[in-house]
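**Q** Got a predicted structure plus its sequence, pasted below:
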Amino acid sequence: MKRLALILIVVAFTLDVYASGFWDLPPLPPPEQYGNLLINRLSEKKGERPVTFSHWSHRVHYTCRVCHFELDFQMKVNTTEITEDANRKGRFCGACHNGKIAFGHTEENCKKCHNGDITYGKEKFEGLSKTLPPSKYGNKIDWTRAIETGKIKPKQTIFDEPYEPMPFKKKLRLEAEWSMVPPAYFSHEKHNYWLDCANCHPDIFNIKKKTTKHFSMVYILDGKFCGACHLRVAFPIDDCRGCHPDITTKY
Ligand code: HEC
Ligand code: HEC
Ligand code: HEC
Ligand code: HEC
Ligand code: HEC
Ligand code: HEC
């Protein structure tokens, strides 16, 4: 036990060790592809090319809750039962891609979505990223500061009634189970702009602090807990200090 603790001290404080693969961090795509998806549950089976979808181009206009709460998209690619028919009836992509809010489901537009190209929108990204506050990882855009500085104002609802997030601002200090590892911090306030309480509670986290079991990096890297978002769309796990600000690095 003592030896394990000692190993962890060393591990937690030297970035070199992380880089050398103590954990298998998933490889990061280039910034313009971080959060991009090819949706292909049915497309190729039905003779269409897979559908391109980029998180960065949509989160500039809408928060996560709009799609992942109001419009019922699952937070796992190829799990939502999106069909051409449902889209045309105004569900899923069709809630916006109706020719009014954004281009609709007409013949000339099929290929804007069904193009099988994960790099789709690259030029647009280069223009956009120059106007937003930078960060080191993921899209290399600091999305929290982009909101705080008023550079973007994503809508929090697509409905007409006004929406205000519940004013729950509790900041939590999540102590590691292992001693000597600097804690991770979780701010409800910063998350609640983007997300609905129901995006996290009760499926991802118990509502009671410290009741979430096996809350550790191995599970996070397996896509659980913080890893539900911080591997694919929100800034990636590589940014250790994003969550553990007191981890020291060599630079
Ligand atoms: C705004 C984006 C978008 C546009 C525009 C669009 N689609 Fe799709 N379509 C999707 C998504 C997302 C899916 C689900 C993909 C999957 O499961 O593989 C889908 C699924 C499909 C499917 C397979 C599922 C089914 O219903 O059989 C077909 C066929 C299809 N679309 C045809 C079309 C045609 C034809 C057009 C143009 C008239 C079109 N789509 C325009 C986004 C779009
Ligand atoms: C305009 C709609 C839209 C917005 C806004 C949006 N998403 Fe998504 N998201 C999707 C769709 C569509 C999928 C794929 C669902 C499917 O294929 O079943 C997805 C998938 C995901 C996935 C799974 C990715 C994977 O590789 O499996 C995560 C994680 C995710 N979203 C997180 C977020 C977060 C965090 C935000 C806010 C910063 C956000 N999304 C905003 C539409 C959206
Ligand atoms: C909440 C509204 C909303 C939903 C839901 C939504 N979109 Fe969009 N989408 C937009 C808007 C608005 C734009 C225009 C963005 C811009 O001008 O930068 C856009 C742009 C796009 C583009 C870029 C087109 C281009 O030529 O620049 C693609 C591709 C796209 N959406 C695909 C999808 C797919 C696929 C889905 C469903 C899986 C989807 N969108 C769901 C609002 C939405
Ligand atoms: C998205 C947030 C987030 C990021 C990014 C992150 N961690 Fe963690 N980490 C956590 C949480 C939450 C815990 C569990 C805290 C607890 O036990 O309450 C944790 C636990 C740990 C532990 C304790 C041992 C264990 O597995 O529980 C170590 C060591 C650790 N992190 C190191 C790192 C390193 C190194 C990085 C960068 C490669 C990193 N973390 C990135 C959130 C994060
Ligand atoms: C991005 C994910 C996320 C969102 C969104 C979120 N929470 Fe939490 N919440 C957490 C985490 C993580 C914990 C700590 C769980 C643990 O320690 O086991 C927590 C804990 C709590 C607790 C217990 C706090 C304590 O000190 O015991 C309450 C109450 C709570 N959340 C309410 C809310 C409400 C209300 C909302 C919406 C306004 C919300 N949460 C949105 C992740 C989230
Ligand atoms: C449901 C999705 C989701 C989950 C789960 C989640 N986050 Fe986040 N988190 C986000 C989004 C979206 C942002 C906005 C910044 C971004 O996209 O990079 C964010 C931002 C943050 C920030 C930056 C706040 C700032 O001041 O810049 C921290 C720190 C953070 N998350 C820690 C955590 C920790 C720790 C956990 C697990 C206990 C966690 N998050 C779970 C989606 C999530």
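**A** Perfect, thanks for sending it. Ligands and ions are numbered 1, 2, ... in the order given.
**Q** How many neighbouring residues does the closest residue to residue 44 other than its chain neighbours have?
**A** Nearest non-adjacent residue to residue 44, counting by CB to CB, 6 or more residues apart in numbering: residue 50, 6.4 Å away. Every residue, glycine included, has its C-beta placed from N, CA and C. Residues lying near residue 50 (other CB atoms under 10 Å) number 20.
**Q** Look up how far residue 137 lies from residue 50.
**A** Separation of residue 50 from residue 137 (CB to CB, to the nearest Å) stands at 26 Å.
**Q** what about the helices in the stretch 1-150 of the chain?
**A** With DSSP state H, counting those that start in this stretch as the criterion, the stretch 1-150 of the chain has helices at 2-13, 15-19, 55-59, 64-65, 84-88, 110-113, 122-131, 143-148.
**Q** no no, the stretch 151-251 of the chain
**A** Going by DSSP H, counting those that start in this stretch, the stretch 151-251 of the chain shows helices at 188-192, 197-200, 217-221, 240-243.
**Q** Out of those, which is closest to residue 232?
**A** Nearest to residue 232, of all those, is helix 217-221, at 12.0 Å by CB to CB.
**Q** And ligand 4, is that closest one touching that?
**A** Yes - using CB under 6 Å from any ligand atom, helix 217-221 reaches ligand 4 at 217-218, 220.
**Q** in stretch 215-231, what counts as buried?
**A** 215, 217, 220-221, 223-231 (16 or more other CB atoms under 10 Å).
**Q** so which of the residues you listed are also by ligand 6?
**A** By CB under 6 Å from any ligand atom, the members of the buried residues of stretch 215-231 lying near ligand 6 are 225-226, 228-230.
**Q** now, which of those lie close to ligand 1?
**A** Among those, no residue lies close to ligand 1 (CB under 6 Å from any ligand atom).
**Q** Between those, which sits nearest residue 240?
**A** Closest approach to residue 240 among these (CB to CB): residue 230, at 11.2 Å.
**Q** From residue 241, how far out is that closest one?
**A** Distance, residue 230 to residue 241, by CB to CB: 13 Å.
**Q** And residue 170, by the same measure?
**A** Using CB to CB, residue 170 is found at 22 Å from residue 241.
**Q** between these two, which one's more packed in?
**A** Taking neighbours as other CB under 10 Å, residue 170 and residue 241 compare with residue 241 leading, 13 against 9.
**Q** Next one: the residue nearest to the more buried one when sequence neighbours are not counted from residue 182, what distance?
**A** Excluding the flanking residues, the one nearest residue 241 by CB to CB, 6+ apart is residue 247, at 5.6 Å. Residue 247 sits 5 Å away from residue 182, going by CB to CB.
**Q** out of everything not next to it in sequence, what's closest to residue 48?
**A** Excluding the flanking residues, the one nearest residue 48 by CB to CB, 6+ apart is residue 114, at 4.6 Å.
**Q** Kindly state the neighbouring-residue count (a burial measure) for residue 65.
**A** 23.
**Q** do residue 104 as well
**A** 15.
**Q** quick thing: my sequence starts at 722, can you match it?
**A** I'll keep to 722 as the first residue from here, and by that count the last item is residue 825.
**Q** hang on, it packs against residue 818?
**A** Yes - taking CB atoms under 8 Å as the definition, residue 825 is a contact partner of residue 818 at 5.8 Å.
**Q** Touching both of these two, which residues are there?
**A** Residues touching both residue 825 and residue 818 by CB atoms under 8 Å, 6 or more residues apart in numbering: none at all.
**Q** just how off-centre is stretch 806-817 within its chain?
**A** How far stretch 806-817 lies from its chain's middle: 23 Å, per CA atoms, centre = their mean, to the nearest Å.
**Q** No further questions, thank you.
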